[in-house]
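[1] show me how the following folds:
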Amino acid sequence: MKIAIQGAGVVGPTLAFWLLRGGHEVTLIEQAPYFRAGGYVIDFWGLGYTIAERMGLIEAVRAHGYQVEEVRLVNERGARVGGFSADVFGRMTKGRFTSLPRGDLARIIFDAVQDKVETRFGDSVAAISDASDGVDVTLESGATRRFDLLVGADGLHSRVRSLLWGAQTAFERPMGFYVAAFRASGYPRRDENVYLSYAEPGRSIARFSMRNDETLFLFIFAAARLPGAEPHDDAGRKAALKAIFGASGWEAREILEALESADTELYFDRVSQIEVPHWSSGRTVLLGDAAACVSLLAGEGTGLGMTEAYVLAGELQRAAGDIPAALKAYEARLRPFLLKKQASARALASSFAPATGFGIWVRQAVTRLMVFPPVADFFMGRSLRDDFDLPDYEGR
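    The predicted model follows:
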């Protein structure tokens with residue numbers, strides 16, 4: 001079949017990889033004018049890790065990854081007040097855990113398919129029309145193409161979803177937080193393989209030292225702290241972060257100064273989940289965050305998106321050309337599992353930026369107890385455990 005995929009991040013190229021294994025012809029469509037690398041650091045384990053193994057890419061993933069040794073919570077003076085050894089992740093995942101920039105993972109997967117697919121950068125789906133023998137796709141560039149299937153793998157703010165399902169507000173569940181991230185070179189304070197986090201009521205700042213003298217910074221804050229409307233340009237976003245964190249303790253002032261001089265992209269978005277009543281419409285199907293975003297705070301969204309891509313490609317192969325049957329099986333297999341993941345993420349969300357000083361104290365106390373395996377299992381087991389049997393489509 002001829003299959004178009006809107007979105008060339010992690011999930012779209014993962015789907016392309018498995019579709020190529022099935023003999024399909026793939027076109028990747030990406031709104032950005034070039035491949036976007038970099039980005040915030042993600043934790044990578046579970047189902048996504050297994051799929052990367054099946055793709056033969058896990059060694060490259062681990063080579064780009066960081067083996068975090070400690071999660072350290074600090075006070076305004078930088079003294080340790082909580083946290084835990086990252087050994088807990090290794091124990092719970094049997095060593096199948098690493099952390100790496102999302103853009104590095106995307107590049108590894110894209111490199112595996114780019115010579116075998118057509119890729120249209122700087123373009124986007126503008127109109128969709130089902131026909132008896134395909135789906136007609138009109139692009140922003142003016143080109144019109146017919147495909148057997150169109151896949152919307154274009155994230156939380158999916159253009160494909162908006163065209164066929166309607167406005168995002170109908171399916172979005174805001175979780176009450178915003179997140180911002182950027183990378184800067186030459187930041188003078190470094191703690192190798194340690195994730196440091198400082199919290200005040202309703203807001204937190206974290207940093208992680210990376211290779212090539214770079215540092216990743218992450219801001220999380222309650223939506224109620226946003227001064228005015230949500231900003232949509234870098235100047236407005238930087239101004240919002242200064243207003244929210246300008247009087248904060250620890251290294252807030254130095255980090256905001258690094259933000260002002262950073263020449264890398266500032267990631268800034270609200271933290272939300274997506275729930276749509278059905279993942280497909282005719283010959284168009286949603287994938288990854290476009291279909292069932294669990295939110296950045298779930299910690300596993302990228303791996304879950306790769307899982308969806310693997311299952312969709314497998315069900316298309318298993319259905320032997322029966323597209324409606326494949327799309328129905330894909331959703332039936334994954335929806336209950338992802339609804340549970342979304343519920344788990346909602347239960348943990350408040351721990352990332354507790355609303356009160358007491359909540360911060362509780363978080364610090366709990367993390368100090370993570371040295372005891374039963375405590376770690378109770379508080380982290382649900383988020384690190386994947387209750388899903390990954391099918392072996394190639395062994396069918």
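[2] and the longest strand anywhere in the chain, how far out from the chain middle?
    For the chain, the longest strand by residue count, based on DSSP state E, is strand 172-185. Centroid separation for strand 172-185 versus its chain: 11 Å, with CA atoms, centre = their mean, to the nearest Å.
[3] tell me the buried residues in that strand?
    172, 175-184 (16 or more other CB atoms under 10 Å). All C-beta atoms are positioned from the backbone trio N, CA, C, and that covers glycine.
[4] now do stretch 39-58
    Buried residues in stretch 39-58 (16+ other CB under 10 Å): 39-52, 55, 57-58.
[5] ok, residues contacting it?
    14, 17, 61, 65-66, 89, 93, 96-103, 105-106, 108-109, 112, 181, 208, 210, 216, 218, 267, 299-307, 310, 384, 386, 388, 390 (CB atoms under 8 Å, 6 or more residues apart in numbering).
[6] elements contacting the longest strand of the chain?
    For strand 172-185, the packing partners by 3 or more CB pairs under 8 Å, 6 or more residues apart in numbering; DSSP states H and E come out as strand 214-222, helix 252-261, strand 267-274.
[7] got TSV for those, with distance to residue 25 and mean pLDDT too?
    Below are these laid out as TSV (distance: least, CB to CB, whole Å; pLDDT from 0 to 100):
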stretch	distance to residue 25	mean pLDDT
strand 214-222	38	95
helix 252-261	44	95
strand 267-274	29	93
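[8] so what are the sheet partners of the longest strand of the chain and their directions?
    Sheet pairing of strand 172-185 (DSSP bridges) gives strand 214-222 (antiparallel), strand 267-274 (antiparallel).
[9] list the contacts of residue 312.
    Contacts of residue 312 by CB under 8 Å, 6+ apart are 15, 151, 285, 287, 326-327, 330.
[10] of the residues you listed, grab the buried ones for ChimeraX.
    A single ChimeraX command selects the buried members of the contacts of residue 312 (16+ other CB under 10 Å):
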select :15,151,285,287,326,327,330
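[11] now the contacts of residue 312 in a markdown table, with distance to residue 4, pLDDT and secondary structure?
    Shown next, in a markdown table, are the contacts of residue 312 (distance: CB to CB, whole Å; pLDDT from 0 to 100; DSSP: H, G, I helix; E, B strand; the rest coil):
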| residue | distance to residue 4 | pLDDT | secondary structure |
| --- | --- | --- | --- |
| 15 | 11 | 98 | helix |
| 151 | 7 | 98 | strand |
| 285 | 11 | 98 | strand |
| 287 | 12 | 97 | coil |
| 326 | 16 | 97 | helix |
| 327 | 15 | 97 | helix |
| 330 | 17 | 97 | helix |
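[12] closest to residue 351 out of the contacts of residue 312?
    Nearest to residue 351 among those, counting by CB to CB, is residue 287 at 28.7 Å.
[13] pLDDT wise, what is the nearest residue to the closest one once chain neighbours are set aside at?
    Of all residues not flanking residue 287 in the chain, residue 153 sits nearest, at 4.3 Å (CB to CB, 6 or more residues apart in numbering). If you check residue 153, the pLDDT there is 97.
[14] against residue 76, how distant is residue 153?
    42 Å (CB to CB, to the nearest Å).
[15] compare the two (neighbour count), which wins?
    residue 153 (31 against 13; other CB atoms under 10 Å).
[16] pretty sure the more buried one contacts residue 12?
    Yes: applying CB atoms under 8 Å as the test, residue 153 and residue 12 come out as touching, 4.0 Å apart.
[17] name the residues contacting each of the two.
    5-6, 287, 309.
[18] from these, which land in strands?
    Per DSSP E, the shared contacts of residue 153 and residue 12 map to strands at 5-6.
[19] possible to save the shared contacts of residue 153 and residue 12 as JSON lines with distance to residue 353?
    Listed next are these as JSON lines, based on distance: CB to CB, whole Å:
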{"residue": "5", "distance to residue 353": "34"}
{"residue": "6", "distance to residue 353": "32"}
{"residue": "287", "distance to residue 353": "29"}
{"residue": "309", "distance to residue 353": "31"}
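[20] out of the shared contacts of residue 153 and residue 12, who's nearest residue 160?
    Nearest member of those to residue 160, counting by CB to CB, is residue 6, at 5.2 Å.
[21] right, and the closest one touches residue 123 too?
    No: here residue 6 does not reach residue 123: they are 9.2 Å apart, not a contact under CB under 8 Å.
[22] please say which of these two ends up with more neighbours.
    Taking neighbours as other CB under 10 Å, residue 6 and residue 123 compare with residue 6 leading, 32 against 18.
[23] who's in contact with the more buried one?
    Contacts of residue 6 by CB under 8 Å, 6+ apart are 12, 29-31, 124-125, 150-154, 158-160.
[24] now residue 74: closest residue in space, sequence neighbours ignored.
    Spatial nearest neighbour of residue 74, chain neighbours left out: residue 198 (5.3 Å); criterion: CB to CB, 6+ apart.
[25] mind putting the buried residues of strand 172-185 into CSV with distance to residue 24 and pLDDT?
    Output for these, formatted as CSV (distance: CB to CB, whole Å; pLDDT from 0 to 100):
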residue, distance to residue 24, pLDDT
172, 31, 94
175, 36, 92
176, 41, 92
177, 39, 94
178, 39, 95
179, 35, 94
180, 38, 94
181, 35, 93
182, 38, 93
183, 36, 92
184, 42, 93
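[26] TSV for these, including distance to residue 314?
    As requested, the buried residues of strand 172-185 are exported to TSV (distance: CB to CB, whole Å):
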residue	distance to residue 314
172	29
175	31
176	36
177	34
178	36
179	32
180	36
181	33
182	37
183	36
184	41
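[27] and which of the residues you listed is nearest residue 318?
    Looking across those and measuring by CB to CB, the closest to residue 318 is residue 172, at 32.1 Å.
[28] pretty sure that closest one contacts residue 271?
    No: between residue 172 and residue 271 there is no contact under CB under 8 Å: 10.7 Å.
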